[in-house]
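Engineer: here are the coordinates; sequence isn't available:
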């Protein structure tokens, strides 16, 4: 049995770090594709299929980024909970009096570490939202061009709903 040297594992897409530097994701290709697609109407079948493939490729890139963002978001939420618990457990009344549950809750929510993590989490969630919107746009564009290609096949190539479309043109 021959070993496959080009093994691609899910971890290759998710990355090895628990927290990704999502702010550094390069969206240049995505923005270029979106910019091109907003000004293009398919002029023939080949062009419609090319636009369809461009949109799908850009959506694929975004799906990889979304996986990393979701992993980072989950990791940050876990870190926030841990930091809150730690702050709550370590808090002591500065006056030396009894430490109440409310004081511990307040301390856990107002810890500088928790605040920093919450800011990171907010950025991650905002980034995820942006990526999801761009993904949606690209998938809608893909389907638009797919429908255009199907229409072009039927009208330009003379296919009707009753005729079988030759293999390779479906």
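Structural biologist: Now that the structure is in, tell me what you want to look at. As the structure is a prediction and not an experimental result, all values here were calculated from the model.
Engineer: Just the element for the residue nearest the centre of the chain, please.
Structural biologist: Nearest to the geometric centre of the chain sits residue 66, at 2.2 Å (C-alpha atoms, centre = their mean). According to DSSP states H and E, residue 66 maps onto helix 45-90.
Engineer: quick one: average confidence on that helix?
Structural biologist: When pLDDT is averaged along helix 45-90, the result is 93.
Engineer: tell me what that helix is packed against?
Structural biologist: If you count contacts as 3 or more C-beta pairs under 8 Å, 6 or more residues apart in numbering; DSSP states H and E, helix 45-90 packs onto helix 10-14, helix 28-38, helix 101-109, helix 112-156. (Glycine included, C-beta is placed from N, CA and C.)
Engineer: Could you figure out how far the third one is turned away from helix 45-90?
Structural biologist: Taking axes from the mean of the first three to the mean of the last three C-alpha atoms, to 10 degrees, one finds helix 101-109 and helix 45-90 inclined to each other by 140 degrees.
Engineer: what does helix 101-109 contact?
Structural biologist: 83-85, 87-89, 91, 93, 114 (C-beta atoms under 8 Å, 6 or more residues apart in numbering).
Engineer: chain center to it, what's the gap?
Structural biologist: Chain-centre distance of helix 101-109: 35 Å, with C-alpha atoms, centre = their mean, to the nearest Å.
Engineer: Can you lay out the helices and strands packed on helix 45-90 as JSON lines showing mean neighbour count and mean pLDDT?
Structural biologist: Shown next, in JSON lines, are the helices and strands packed on helix 45-90 (neighbours: other C-beta atoms under 10 Å; pLDDT from 0 to 100):
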{"stretch": "helix 10-14", "mean neighbour count": "10", "mean pLDDT": "78"}
{"stretch": "helix 28-38", "mean neighbour count": "14", "mean pLDDT": "92"}
{"stretch": "helix 101-109", "mean neighbour count": "15", "mean pLDDT": "85"}
{"stretch": "helix 112-156", "mean neighbour count": "16", "mean pLDDT": "92"}
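Engineer: Return the residues in contact with the closest residue to residue 65 other than its chain neighbours.
Structural biologist: Leaving out its chain neighbours, the residue that sits closest to residue 65 by C-beta to C-beta, 6 or more residues apart in numbering is residue 25, at 5.1 Å. When contacts are counted by C-beta under 8 Å, 6+ apart, residue 25 touches 65, 68, 127.
Engineer: please redo it, this time with the cut-off set to 10 Å
Structural biologist: When contacts are counted by C-beta atoms under 10 Å, 6 or more residues apart in numbering, residue 25 touches 61-62, 64-65, 68-69, 127, 130-131.
Engineer: Many thanks, have a good one.
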